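Chemist: Here you go, sequence then predicted model.
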Amino acid sequence: MKLVTFAAVVAMLASCSNGDGKNADKSRTTRRTTTTAPADHEVLVAYRAFWDDYLAAADPMDPQSARLGAHATGSELQTVRAAFLARKSDGEVIRGDLDLAPRVLSVLGESASVKDCYLDNTGIYDAVKGTRKDTSTGMRHLITASLVREAGAWKVSDLKREGDGCTAA
Amino acid sequence: MYRRVIAGALVAGLIMATAPAVARADGTGDAFSDGTQVGADAGKNDNSGGGASKGGSGGHSTCTYEKLDADSQAIADTIASNGSGPPRGKEPGAWYRKVCTDANGQSSATILWVTDRTVSPAQLAEQASDRAHIPLPDVHLNPPESGEQVVNLETWMWIDPSAWQPVAATASAGGITVTASAAPQSVRWAMGNGDVVTCVGPGTPYDSSRPSSEQHTDCSYTYRRSSASAPNGAFTATATATWHVTWTAAGAAGGGDLGNVSRTTTFIVRVSEIEAVNR
């Protein structure tokens, strides 16, 4: 990855959850602006879009959302749709925001790999009552995302957990 | 609505009711793949997703299972049919929601197809045990069983060594495969005259090509009286082999002891008395 500058941190949507989830944010990721090579940039845009789609489809919970298929494919798409259906059937939604810190590990032909150390400010909420059903870990999570290019569009095909408690670059 | 929790290696037939644990987690856990087989990951480290234990995650998972309502069943069928959801099983069953929480509170949710035909690992073990071909003891004597034994002359007894080997069989259902293994232990020889000899092991085959003085057995019996007064002039003897059966499971926790299984062969022994004449 070619990180040339590490510029301003821009909060896409700044407000946070108030604890009861009624006014919690949705479909929000914190964006760190960087200058990258064109291919890397496309991959990162797609990766961020994946999480935007994830949060958008999670409140209201819509396992059949067309957005999920826009930047996810294969087993990852199956994983998310299955999880969202499970949550929906229990009256749950996911609300909050993510502070992403991705960097491209590789871009080889139609495949790419991204490493991210993101802060997860999302939670699982009762869709009707608005009460949070879990408690935030307040931790950053280290993950590796695999992406493939389908019909010219980069899509996340797999996410792997690497550990918790990482430090964003 | 009811909830079901499966802790450890239980399939749907062993479900026990309880309330769900409160998860300490974030909302992105659903983006990571999880085991989708009933009982497959309950009770083991959940390292799905490529090494969750690196950062201190992992540990034993507790999973809740709940049958989806009709609307959700339809959605599950739809995303299964278009390939964007987990595949539907081929056998009759239903879609279930599965939510697992590990020791560190990390939770993940998914759906899975649970077939109607669910059995416990222990039930499978019984099936596997029934399928394991435990042979009847193939009895051999020396003097040969086709002839007569002689009073006061040692009779060698043994079981065909080729049939004195462990045997195993498997049975599978619902993603669980159970292997039952049987190992031969001992042979109880009832000599037909009320005497009993128990031999640990199959006994030693007598080799007629070698001198008797060079051979030894730890499984023998010496008749002291002839069988002339027995019905039809012969003793009805039995050889009962005892096999110890154990089982292990793949796809679920479990395993243990199924106890002993016996196999008995009945055979006829004629014992003659050779009188020495001293002049």
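Modeler: All right, it came through fine. Numbering: from 1, shown residues only, chains lettered A, B, ... in the order given.
Chemist: What segments of the stretch 1-150 of chain B are helices?
Modeler: For the stretch 1-150 of chain B, the helices defined by DSSP state H, counting those that start in this stretch occupy B:70-81, B:121-131.
Chemist: ok, is stretch B:69-79 in contact with chain A or not?
Modeler: Yes. Using Cβ under 8 Å from any Cβ of the partner chain, stretch B:69-79 reaches chain A at B:D69, B:S72, B:I75, B:A76, B:T78, B:I79. All C-beta spots, glycine's among them, are computed from the backbone N, C-alpha and C.
Chemist: of all those residues, which comes closest to B:A190?
Modeler: Taking Cβ to Cβ as the measure, B:A190 lies nearest B:A76 of the residues of stretch B:69-79 next to chain A, at 61.4 Å.
Chemist: Next, count neighbours for that closest one.
Modeler: Neighbour count of B:A76, defined by other Cβ atoms under 10 Å in any protein chain shown: 27.
Chemist: Next up, the contacts around it.
Modeler: When the contact criterion is Cβ atoms under 8 Å, 6 or more residues apart in numbering or on different chains, the partners of B:A76 are A:A82, A:L85, B:L68, B:G85, B:P86, B:R88, B:W95, B:I111.
Chemist: Drop anything exposed from the residues you listed.
Modeler: Neighbour-count burial (16 or more other Cβ atoms under 10 Å in any protein chain shown) applied to those gives A:A82, A:L85, B:L68, B:G85, B:P86, B:W95, B:I111.
Chemist: Shouldn't B:W158 be within a strand?
Modeler: Yes. Assessed by DSSP: H, G, I helix; E, B strand; the rest coil, B:W158 belongs to a strand.
Chemist: For it, name its beta-bridge partners.
Modeler: Here B:W158 sits in beta bridges with B:H140, going by DSSP bridges.
Chemist: residue ranges for the strands of chain A, please.
Modeler: For chain A, the strands defined by DSSP state E occupy A:6-11, A:28-34, A:92-99, A:102-108, A:111-126, A:140-150, A:153-164.
Chemist: I misspoke; the intended subject was the stretch 1-150 of chain B.
Modeler: Counting by DSSP state E, counting those that start in this stretch, the stretch 1-150 of chain B has strands at residues B:4-6, B:62-67, B:93-101, B:107-115, B:139-142, B:149-150.
Chemist: can you give me the offset of the fifth one from its chain's centre?
Modeler: Right, strand B:139-142. Offset of strand B:139-142 from its chain centre (Cα atoms, centre = their mean, to the nearest Å): 30 Å.
Chemist: Kindly format the C-alpha coordinates of it as PDB.
Modeler: Provided in PDB are the C-alpha atoms of strand B:139-142 (Å, rounded to 0.1, in the frame of the first residue of the first chain):
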ATOM      1  CA  VAL B 139     -13.200 -72.800  18.100                       C
ATOM      2  CA  HIS B 140     -10.100 -75.100  17.800                       C
ATOM      3  CA  LEU B 141      -8.900 -77.900  20.000                       C
ATOM      4  CA  ASN B 142      -6.000 -80.200  20.200                       C
END
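Chemist: Contacts for it next, please.
Modeler: By Cβ under 8 Å, 6+ apart, the surrounding residues in contact with strand B:139-142 are B:145, B:149, B:155-160, B:205-206, B:208, B:239, B:265, B:267, B:269.
Chemist: And those residues, which of them are buried?
Modeler: For the contacts of strand B:139-142, a burial check counting by 16+ other Cβ under 10 Å picks out B:E145, B:Q149, B:T155, B:W156, B:M157, B:W158, B:I159, B:Y206, B:A239, B:T265, B:F267, B:V269.
Chemist: Please state the mean pLDDT value computed over stretch A:95-112.
Modeler: Mean pLDDT, computed over stretch A:95-112, is 95.
Chemist: Quote the end-to-end distance of it.
Modeler: Start-to-end span of stretch A:95-112 (Cα to Cα, to the nearest Å) is 28 Å.
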